[in-house]
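1. Got a sequence here, can you model it:
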Amino acid sequence: MTPPRRPSSRSVASAAGGTDAPRLDPLDPQGLVDMGSDLLGPRDHRELERFVAADLTDRDLEGSSFAECVFESPRLGGARLRGTRVVESVVSDSFAPELSSARATWRDVRVERPRWGSAELFDASWQSVRVVGGKIDYLDLRGARLTDVVLEGCVVGELDLQGAVALRVALVDCRVGTLDVTGASLAHTDLRTTDLDRVDGLDGLRGATIDQLQLASMAGVLAAHLGLVVD
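-> This is a model prediction of the structure:
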């Protein structure tokens with residue numbers, strides 16, 4: 001389904017119509033030390049550091065933690081980021097044909113203009129996370145716990161939320177090819193300014209907020225889902 005384009009509205013993430021907005025604090029890490037990335041490894045712990053153009057291709061960083069750090073233009077293809085913990089940090093202009101970061105914990109994180117192919121982030125925990133701009137072919141958040149999350153101005157080929165638990169999540173001015181919410185639990189999840197070409201697992205939309213244009217565009221699939229005969 002492809003609803004007509006609607007005017008951009010940055011205010012949709014605010015509370016309206018009984019839908020609570022994500023609660024996000026500004027992020028501006030200060031007092032950072034510029035560091036090289038050559039020595040980064042598994043179960044490493046870094047605080048108050050800036051990494052510029054870090055090439056982490058195929059690097060093993062499993063179990064590492066980063067607090068109040070900034071990554072500018074990192075290359076993450078093939079990096080093993082399973083179980084990493086990222087807190088009060090900013091990642092801008094990252095590139096990864098394949099991003100492997102299952103079971104990671106992100107809290108108070110801003111991701112700007114990501115260019116990701118297949119992003120495996122299943123079973124992750126995201127709290128107070130904003131993703132701004134960029135293009136992601138496949139965003140795998142199956143089984144993730146998402147609290148106070150905003151995706152803004154993103155193009156996502158497939159957003160997989162199967163079995164995810166979402167509270168105060170907003171998709172703002174995004175375009176999503178396929179949204180899969182099979183078995184998801186959504187509360188205060190705002191989809192109103194996002195173009196959704198297709199939705200799988202319609203029962204999982206319970207708890208989401210959509211607008212009239214989206215409802216009209218989904219009429220056919222909703223009727224088929226409910227077994228309605230429209231004559």
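2. What is the burial count for the closest residue to G201 other than its chain neighbours?
-> Spatial nearest neighbour of G201, chain neighbours left out: T182 (2.9 Å); criterion: CB to CB, 6 or more residues apart in numbering. For glycine as for every other residue, the C-beta is placed from the backbone atoms N, C-alpha and C. T182 is flanked by 15 other residues according to other CB atoms under 10 Å.
3. and if you look at Q212?
-> Neighbour tally, Q212, other CB under 10 Å: 9.
4. Relative to R192, how far out is it?
-> 10 Å (CB to CB, to the nearest Å).
5. packing partners for the helix or strand hosting T147?
-> Assigned by DSSP states H and E, T147 belongs to strand 145-152. Helices and strands touching strand 145-152, by 3 or more CB pairs under 8 Å, 6 or more residues apart in numbering; DSSP states H and E, are strand 125-132, strand 165-172.
6. So for stretch 38-53, mean pLDDT?
-> Mean per-residue pLDDT for stretch 38-53: 96.
7. what stretches of this protein score poorly on pLDDT?
-> Scanning the chain for pLDDT under 70 picks out 1-17.
8. what's in contact with the longest helix that it contains?
-> In the chain, with assignment by DSSP state H, the single longest helix is helix 219-226. For helix 219-226, the external contacting residues (CB atoms under 8 Å, 6 or more residues apart in numbering) are 1, 199, 202, 228, 230.
9. With secondary structure added, can I get those residues in JSON lines?
-> Shown next, in JSON lines, are those (DSSP: H, G, I helix; E, B strand; the rest coil):
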{"residue": "M1", "secondary structure": "coil"}
{"residue": "V199", "secondary structure": "strand"}
{"residue": "L202", "secondary structure": "helix"}
{"residue": "L228", "secondary structure": "coil"}
{"residue": "V230", "secondary structure": "coil"}
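10. Report the two members of those residues separated by the largest distance.
-> Using CB to CB, these span at most 18.6 Å, a distance reached by V199 and V230.
11. and the two? which has more neighbours close in?
-> Of the pair V199 and V230, V199 is the one with more neighbours under other CB under 10 Å, namely 23 against 7.
12. quick one: the more buried one and Q214 touch, right?
-> No - judged on CB atoms under 8 Å, V199 makes no contact with Q214 at a distance of 9.2 Å.
13. didn't A164 look like it was pressed against T147?
-> No - using CB under 8 Å, A164 is not in contact with T147, being 11.0 Å away.
14. Which one of these two is surrounded by more residues?
-> Taking neighbours as other CB under 10 Å, A164 and T147 compare with A164 leading, 27 against 18.
15. of all the contacts of helix 219-226, which comes closest to H45?
-> Looking across the contacts of helix 219-226 and measuring by CB to CB, the closest to H45 is V199, at 40.6 Å.
16. which residues touch the closest one?
-> 1, 178-181, 205, 218, 221.
17. change it to 10 Å
-> With contact set as CB atoms under 10 Å, 6 or more residues apart in numbering, V199 has these partners: 1, 176, 178-181, 191, 205, 208, 210, 214, 217-218, 221-222, 225.
18. Is it possible to mark the buried ones in these?
-> 176, 179-181, 191, 205, 208, 210, 214, 217-218 (16 or more other CB atoms under 10 Å).
19. Having no further points to raise, I will conclude here.
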